[in-house]
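[1] build me a model:
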Amino acid sequence: MSSLLESSLTNRQLETFVICSRIASGLSGLGVVAIIVTFCLSPRFRNPLHRLIFINAFYTLFDAGSILISRNGPDAGDGSALCQAQAFLNQMFVVVPSVTDLEIAG
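    The predicted structure is shown next:
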């Protein structure tokens, strides 16, 4: 599917997409930092519901990290450490399941 996507978009469009996704991931990372700091510094937020949000924040942080790697992982090659680290983050810390994950489960 990536070859189909790459053939239908220009390099400029791909770069724009990468920049937008990295900006969104950076903002997501800032939100995660705010969640972690609030949970650690405020005893009022230490209840079971906020504990789930706190734990989910780490998943979001790792997912944002894999998005920040973006196209650099695949461009480095399948055997590269960067590509394998990105694949590990994508597989282990999925925040939102993809359509194929839902089809396999259903």
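[2] how much space separates the residue nearest to Gly77 when sequence neighbours are not counted from Ala24?
    Spatial nearest neighbour of Gly77, chain neighbours left out: Cys83 (6.3 Å); criterion: CB to CB, 6 or more residues apart in numbering. All C-beta spots, glycine's among them, are computed from the backbone N, C-alpha and C. For Cys83, the distance to Ala24 equals 21 Å [CB to CB, to the nearest Å].
[3] who has more neighbours out of those two?
    Neighbour comparison, Cys83 and Ala24: the larger count goes to Cys83, with 17 against 13 (by other CB atoms under 10 Å).
[4] tell me which element that one falls in.
    Per DSSP states H and E: Cys83 is located in helix 81-92.
[5] that helix: how far from the chain's middle?
    11 Å (CA atoms, centre = their mean, to the nearest Å).
[6] what comes up buried for it?
    Cys83, Gln86, Leu89, Asn90 (16 or more other CB atoms under 10 Å).
[7] any chance of the residues you listed in JSON lines, plus distance to Ser8 and pLDDT?
    Output for the buried residues of helix 81-92, formatted as JSON lines (distance: CB to CB, whole Å; pLDDT from 0 to 100):
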{"residue": "Cys83", "distance to Ser8": "23", "pLDDT": "88"}
{"residue": "Gln86", "distance to Ser8": "23", "pLDDT": "87"}
{"residue": "Leu89", "distance to Ser8": "26", "pLDDT": "86"}
{"residue": "Asn90", "distance to Ser8": "22", "pLDDT": "83"}
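[8] could you dump those to TSV with distance to Ala64?
    Below are the buried residues of helix 81-92 laid out as TSV (distance: CB to CB, whole Å):
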residue	distance to Ala64
Cys83	18
Gln86	12
Leu89	9
Asn90	12
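[9] which one of those is nearest to Leu61?
    Leu89 (9.9 Å; CB to CB).
[10] that closest one reaches Ala64, doesn't it?
    No - between Leu89 and Ala64 there is no contact under CB atoms under 8 Å: 9.3 Å.
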